[in-house]
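Student: sequence first, then the predicted structure, then my questions.
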Amino acid sequence: MLYERWRHIVQEQRSEFALHDSATGRRWTFAQLDSAAEAGGNDREPVAFPEGAGSEFVLAVLRAWKSGQIVCPLEVQQQPPVLSDTPAGSIHLKTTSATTGAARLVAFTDSQLTADVENIVATMGLRPDWPNVGVISLAHSYGFSNLVLPLLLKGIPLIIPGSQLPEAVRQALQGFSEVTLPAVPALWRAWHDAAAITPNIRLAISAGAPLPMGLEQDVFSKTGLKIHNFYGATECGGIAYDATAAPRSDGACVGSPLKNVDLSLNPDGCLQVRSQAVGETYWPERRANLAGGCYQTSDLAELSNGRIFLRGRAGDLINVAGRKVSPDVIERVLQSHPAVRDCLVFGVPNAESSRGDVIVGCVALQTAGAGNDLRQWAVSHLPTWQVPREWWFVDNLLTNERGKLPRAEWRRKYLESKRANS
């Protein structure tokens, strides 16, 4: 089905621009991309593992569709999973980002992938005369649904800069009058700091991690560009999108549900997602939170006036002497201080008491020596029991390859540093 849809796109847009790979300088029309895909393929293996971030990734997907293989995208240098069997009826395997535990595979049918890209294109207004710019991973669910599928199933061209560095992105966008740029908060911050946000960026999207409200407002005031927050999950594709024209006034707001996506809360206050784009199952081990067109997230949420407000993750809650707080609440306060570049908050065992956790504020500062001022800021803006008791100032809070700040990983590093210094 997917390959047939691609061939229909080729028939309609044969001579039109489809793909540009800045790293190699190559450029394809839809007909040329189709010919390149036809020249390979016919692999007899049941699963194909496209890897990388360039044009070869796109061609590998097309050749797998042509051969009837299941597609399981891989990050660069990621080892393919060992599969003793494949899920019946599925044509795609996504790897979760391991935000809430070990990475797992999620199986999708062709209709579920198609529903996701239809929802995304219809909600965001993606269009062929605004080519997508591919700086994020094509293998990740975000990149695959926002870049690869719009190209192959909706005829929306793709520009691949070959690097995320500000100058490389700036050069790649030269010659295009209007573009759509999906990215992650860390990249938007780097481009903003380097004054690399160009006027031809017509639609700016941020996903993969919470978009700091201060960054969104600063970019808007300096360039007039509104960065639209996008919230989704590997298991179900797009969930919510902030389509408003002005910056948000509440950093917890992630927008409104995508078209054809229904949201509700379970008795614990966690978000439930229902749509035709929800994945079939985890593989090979099935779980009750993903079944029957419903994905049960671990995100605590509030639904109000058609908008979604995230209130943290159920598993991240910090227990302070019997009272629980989401680290997101504290992070939003710390991020509002002008000297804070990035921050993470987590709980660690209280060595002096068996009653819960100690709150740790892990912070990368833009202004050296602002630690004392930040502590006072926290005291004046948070209830006393929510103020971090321990502070860890680092040079940089590096994101992973998917643009996320893995809380569990930084918590582990903090505990290791304490043991090393004790």
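Tutor: Everything's here; your move.
Student: from here on, contacts and neighbour counts on C-alpha atoms
Tutor: OK.
Student: list the contacts for V76?
Tutor: E51, G52, A53 (C-alpha atoms under 8 Å, 6 or more residues apart in numbering).
Student: pLDDT value on the residue nearest to the second one when sequence neighbours are not counted, please?
Tutor: Going back to what we said before, that points to G52. Nearest-residue entry for G52: V76, 5.0 Å, with adjacent residues in sequence omitted and distances by C-alpha to C-alpha, 6 or more residues apart in numbering. pLDDT for V76: 87.
Student: need the contacts of V76 in TSV (columns: distance to L382).
Tutor: Below are these laid out as TSV (distance: C-alpha to C-alpha, whole Å):
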residue	distance to L382
E51	45
G52	44
A53	42
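Student: what's the distance between G134 and L147?
Tutor: From G134 across to L147, the span is 7 Å (C-alpha to C-alpha, to the nearest Å).
Student: so what sits against both of the two?
Tutor: Shared contacts of G134 and L147 (C-alpha under 8 Å, 6+ apart): L158.
Student: rewinding a little: any of the contacts of V76 buried? List them.
Tutor: E51, G52, A53 (16 or more other C-alpha atoms under 10 Å).
Student: list the contacts of the first one.
Tutor: When you say that, I think you mean E51. E51 makes contact with F57, P73, L74, E75, V76, Q77, A139, according to C-alpha under 8 Å, 6+ apart.
Student: now it: closest residue in space that isn't a chain neighbour?
Tutor: Nearest non-adjacent residue to E51, counting by C-alpha to C-alpha, 6+ apart: L74, 4.8 Å away.
Student: the one you found touches V47, doesn't it?
Tutor: No. With contacts counted by C-alpha atoms under 8 Å, L74 stays clear of V47, the gap being 11.9 Å.
Student: returning to that earlier point: save the buried ones among the contacts of V76 as CSV, and put in distance to T234, secondary structure and pLDDT too.
Tutor: Output for these, formatted as CSV (distance: C-alpha to C-alpha, whole Å; DSSP: H, G, I helix; E, B strand; the rest coil; pLDDT from 0 to 100):
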residue, distance to T234, secondary structure, pLDDT
E51, 18, strand, 92
G52, 18, coil, 79
A53, 18, coil, 80
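Student: closest to L225 among the contacts of E51?
Tutor: A139 (27.2 Å; C-alpha to C-alpha).
Student: and the protein, what are its domains?
Tutor: Domains of the chain are assigned by automatic domain parsing as 2-312, 317-421.
Student: most packed of these?
Tutor: Highest mean neighbour count among the domains of the chain (mean count of other C-alpha atoms under 10 Å): domain 2-312, with a mean of 19.
Student: off-centre distance for it?
Tutor: 8 Å (C-alpha atoms, centre = their mean, to the nearest Å).
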